[in-house]
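> sequence and computational prediction follow.
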Amino acid sequence: AIKHRLWPEIDRITLEQLHYARLEVGTGSWQLFAEDGDMRMYRREEEADGLVVDPLKACHVVKGVTGHEVCKIFFSPEYRSGWEATLEDMTVVENISNDTLVFLQTHKRIWPASQRDALFWSHIRKVPDEQDVEAQDLWIVCNQSTEHPEYPANTGKCVRIYLTVCLVCQTLVNPPKENEEINREDITCKITYCSVVNPGGWAPAAVLRAVYKREYPKFLKRFTNFCIDQCKDKPIEF
Ligand SMILES: O=S(=O)(CCO)c1ccc(-c2ccc(C3CCCC3)c([C@H]3C[C@H]3c3ccccn3)c2)cc1
């Protein structure tokens with residue numbers, strides 16, 4: 001199949017983000033800022049030309065769903081309005097392939113910051129876990145801001161944000177008894193969510209950090225609960 005002009009970038013950034021997600025939080029100066037059950041949220045306080053661009057890393061363990069199911073829900077446009085509470089509008093502006101889409105999203109305005117939009121490619125991929133042959137394969141979704149001639153930044157009401165996001169999921173199976181089939185109580189999904197967001201236009205550091213501190217835990221909790229709900233009555237998809 002012919003590869004899209006973005007393919008080299010998509011491949012490089014997806015693999016870079018996979019490596020970054022798999023680094024233990026022990027390394028580097030991660031600061032735990034939120035905890036909820038099995039969810040741990042870390043951030044590093046970083047600024048780029050006066051703008052808060054705090055990298056975020058969240059680790060979560062969710063029972064009853066597989067990494068493939070979680071990544072598919074995160075990637076697929078049809079589920080997004082069900083879990084992304086801050087979404088005001090979403091368009092798929094380019095259908096690069098069945099595993100790569102380009103989205104234009106506007107997020108609800110969060111006072112006192114002005115409204116934001118994001119234009120990004122999104123790529124889903126299964127990755128063989130060469131480190132742990134026992135475990136199932138890993139699944140990753142990578143979202144990376146991109147340009148598009150028809151959707152120039154900052155021409156309308158929204159300030160364009162620039163994001164690099166990845167969701168990496170590993171499925172763990174608790175082997176059932178002899179010749180019993182695996183059911184949802186036997187599966188667990190280890191989730192790592194990483195994001196670096198440049199808010200685009202200026203927003204007060206204290207305001208942004210307050211938004212992130214409030215919104216990210218809500219977002220991951222809502223997303224994972226949505227996944228459990230979506231999958232519970234369906235056959236397991238490994
Ligand atoms: O993981 S994704 O790719 C999922 C696809 O939708 C993702 C996650 C987060 C954002 C994002 C980035 C920055 C903000 C800030 C910028 C200045 C003021 C708002 C907000 C606002 C809507 C708030 C928010 C923050 C964190 C999590 C969710 N909601 C959202 C965009 C995409």
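Thanks, I have the structure now.
> could you use CA atoms for every contact and neighbour count after this?
Will do.
> is D38 in contact with V61, as I believe?
Yes - judged on CA atoms under 8 Å, D38 makes contact with V61 at a distance of 5.7 Å.
> the more surrounded of the two?
Neighbours per residue (other CA atoms under 10 Å) separate D38 from V61, with V61 holding more: 18 against 10.
> contact residues of the chain facing the ligand?
Residues of the chain lying close to the ligand by CA under 6 Å from any ligand atom are 84, 86, 107, 110, 113, 143, 165, 197, 199, 212, 215-216, 219.
> run the last query once more with 8 Å
Along the chain, the residues adjacent to the ligand under the rule CA under 8 Å from any ligand atom are 74, 80, 84-87, 105, 107-110, 113-116, 118, 143, 161, 163-167, 195, 197-200, 203, 208, 211-212, 214-219.
> residues contacting the residue lying closest to E185 once chain neighbours are set aside?
Nearest residue to E185, sequence neighbours excluded (CA to CA, 6 or more residues apart in numbering): G64, at 5.6 Å. The contact partners of G64, taken as CA atoms under 8 Å, 6 or more residues apart in numbering, are R184, E185, D186, I187, T188, C189, I228, K232.
> please enumerate the helices of this structure.
With helices called from DSSP state H, the chain shows them at 7-22, 67-75, 77-83, 205-231.
> got TSV for those helices, with mean neighbour count and distance to L101 too?
Listed next are those as TSV, based on neighbours: other CA atoms under 10 Å; distance: least, CA to CA, whole Å:
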stretch	mean neighbour count	distance to L101
helix 7-22	15	11
helix 67-75	23	9
helix 77-83	14	9
helix 205-231	16	20
